[in-house]
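1. the following block contains a protein sequence and its predicted model.
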Amino acid sequence: MDLEFNKNEDKMRLLISQMEQRLQKIYLGGGKSRIDKQHEQGKLTARERIDYLLDKNTPRTEIGAFAGYEMYAEHGGCPAGGVVIVIGYVSGKQCIVVANDATVKAGAWFPITGKKNLRAQEIAMENRLPIIYLVDSAGVYLPMQDEIFPDKEHFGRIFRNNAVMSSQGILQIAAVMGSCVAGGAYLPIMSDEAMIVDKTGSIFLAGSYLVKAAVGETIDNETLGGATTHCEISGVTDYKHPNDQACLDSIRNIMDKVGDYEKAGFDRKTPALPQKNQEELLGIVPDTRDKQYDMYEVIERLVDRGELEEYKALYGKSIICGYARIDGWAVGIVANQRKVVKSKKGEMQFGGVIYSDSADKAARFIMNCNQKKIPLVFLQDATGFMVGSRSEQGGIIKDGAKLVNAMSNSVVPKFTIIVGNSYGAANYAMCGKAYDPRLIVGWPTAQVAVMGGAQAAKVLVQIEVASLKAKGEEITEEKETALYNKIKDRYDTQTTPYYAASRLWLDAIIHPTDTRKVISMGIEMANHAPIRKAYNVGVLQT
């Protein structure tokens, strides 16, 4: 490998190491002392429960590990949003598991907790994927109740989704393994089957102190809402278990009996590894985002045998489109080309910029994939659409609208991998979060924003300087530089993959060599949901 490759690889390995160090801290939840306290109570932690429940030596994908990252500092933080969500396998059945982390503020719900739980339910509903709740939560985090309780996308939406999933026949199993208080008590009981752990699990609308204050009754929490009460008297729960392990074993036994599902019918052949070493993905993406690279090199290390049946290979070269297989699954790939290329007229096109011909090609390819029932994979690394008089007069807006229209109305599942830049309208056209990808993840090199920090700072400095001069203030070169650096630093912070993942604009930040696994598991879960809607893109495609 050449020197440039080695520099890129060193930078990528450093970014991966930083990511893994941050994850290790997140995995501790509320800290070792709170983990020890949970063990003293005879309880497993959220991550231990998931590890015990999931089939051994099978792939898994965690959703939202960085949710809440560097947020809520004034409240002591909220690692992983106080809830752990993993797509994995239980008794051979793919499902999504949602486990409250009681080491983080007793499992209380912050605003990001609600958003993350809703994302898990969205994944379950879109893919008709069984969902297992491991409940251990004190309910809404009261100091922030106005940001989690009453709105459409807040706490109450969880129970609405419980009801909708039940009506759609999407399996929900809930295990009460700790506190389950107030409105949160509805979640397990609105699931299809509910179980509870003796002595540690409890369900009630109001705890003993509130009962005393409200109605004057003196009663302990165990008598009020423990396992014996709900399994033998109220009938609220269906199964009573002596400890966490027995409870999780029961879930595995139930999942073992679940029948097969109607499939969407996405094509899969025997998986094959890429012809080129996947580890080489670490050395392809440049160490700085202003350098070029060849996206074909990335694709060759992602697809089975490195084989790509390219669509319109000689036209619209700033976007690569083609059919391939990933872990055996047939996919349609739409990828931004980061090399400088020549257009059909022999003109040079900047890498990472979407031109009219490329947008037109990608729109047509997306329609073809929908016709053939082939899932779409978007590999994003684009700074935006081409601007300037020639592009405007050539109809870049209309061609961009065609691409957005074709992608938005797609009925086959979409999966988005942000390799590098995801700026402005390119984020939209290449299936950003707003366009319902079944999963959207980023490499440690991902950047998500309206534009890059340097470009944004230049624009904002020009505006600020003009405003100050209009007020009669003199702007020195030093002051202008200081203003530029201040704006750029703030903007650069907001473009990192961690900023995006903390707010769930990304489902995960992944090691590049995990890309095939994420796509394969994503298509497998999407195969649970047959396509019922016809593909219709409207007048823009005529």
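-> Yep, that arrived. Numbering: from 1, shown residues only.

2. low-confidence stretches in the stretch 101-250 of the chain?
-> Scanning the stretch 101-250 of the chain for pLDDT under 70 picks out 183.

3. show me where it has its helices.
-> Counting by DSSP state H, counting those that start in this stretch, one finds helices in the stretch 101-250 of the chain at the ranges 111-127, 156-167, 186-189, 208-215, 221-225, 227-228, 244-257.

4. so which of the ones you listed is nearest K488?
-> When the helices of the stretch 101-250 of the chain are compared by C-beta to C-beta, helix 111-127 sits nearest K488, at 26.9 Å. (C-beta placed from N, C-alpha, C; glycine too.)

5. so what's P188 up against?
-> When contacts are counted by C-beta atoms under 8 Å, 6 or more residues apart in numbering, P188 is found next to 133, 135, 174-176, 180, 194, 203, 237.

6. by neighbour count, which of the residues you listed wins?
-> V176 (32 neighbours; other C-beta atoms under 10 Å).

7. roughly how far apart are it and G107?
-> According to C-beta to C-beta, to the nearest Å, V176 stands 12 Å off from G107.

8. give the residues shared as contacts by those two.
-> Going by C-beta under 8 Å, 6+ apart, residues that sit against V176 and also against G107 are D136.

9. hang on, the earlier thing: redo the contacts of P188 as TSV? Include distance to K11.
-> Listed next are those as TSV, based on distance: C-beta to C-beta, whole Å:
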residue	distance to K11
Y133	40
V135	42
A174	44
A175	43
V176	47
C180	46
A194	49
I203	51
T237	52
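
10. who's sitting farthest from the centroid in this protein?
-> G472 (48.3 Å; C-alpha atoms, centre = their mean).

11. doesn't that residue belong to a strand?
-> No. Counting by DSSP: H, G, I helix; E, B strand; the rest coil, G472 is not part of a strand but coil.

12. phi first, then psi, for it.
-> phi 90, psi 10 (degrees, to the nearest 10).

13. re the thing from before, which stretch among the helices of the stretch 101-250 of the chain comes nearest G400?
-> helix 111-127 (26.1 Å).

14. and the closest one, which residues are buried?
-> Residues of helix 111-127 classed as buried: 111-121, 123-127 (neighbour count, 16 or more other C-beta atoms under 10 Å).

15. please apply the same query to stretch 448-465.
-> For stretch 448-465, by 16+ other C-beta under 10 Å, it's 448-449, 451-453, 455-457, 460-461, 464-465.

16. looking at this protein, which helix or strand is least sure?
-> Every helix and strand of the chain was ranked by mean pLDDT, DSSP states H and E. The lowest is helix 389-393, at a mean of 59.

17. quick one on the thing from earlier: so for I397, which of the helices of the stretch 101-250 of the chain sits nearest?
-> helix 111-127 (30.4 Å).

18. now the angle from that closest one to helix 156-167?
-> 20 degrees (axes from the mean of the first three to the mean of the last three C-alpha atoms, to 10 degrees).

19. strands of the stretch 351-500 of the chain, residue ranges please.
-> 353-354, 376-382, 384-385, 414-423, 439-442, 447-449 (DSSP state E, counting those that start in this stretch).

20. got a markdown table for these, with distance to Q278 and mean pLDDT too?
-> Formatted as a markdown table, the strands of the stretch 351-500 of the chain follow (distance: least, C-beta to C-beta, whole Å; pLDDT from 0 to 100):
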| stretch | distance to Q278 | mean pLDDT |
| --- | --- | --- |
| strand 353-354 | 27 | 90 |
| strand 376-382 | 15 | 97 |
| strand 384-385 | 29 | 80 |
| strand 414-423 | 14 | 96 |
| strand 439-442 | 16 | 98 |
| strand 447-449 | 23 | 91 |
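
21. how about those in JSON lines, adding distance to I509?
-> Formatted as JSON lines, those follow (distance: least, C-beta to C-beta, whole Å):
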{"stretch": "strand 353-354", "distance to I509": "24"}
{"stretch": "strand 376-382", "distance to I509": "14"}
{"stretch": "strand 384-385", "distance to I509": "23"}
{"stretch": "strand 414-423", "distance to I509": "9"}
{"stretch": "strand 439-442", "distance to I509": "5"}
{"stretch": "strand 447-449", "distance to I509": "11"}
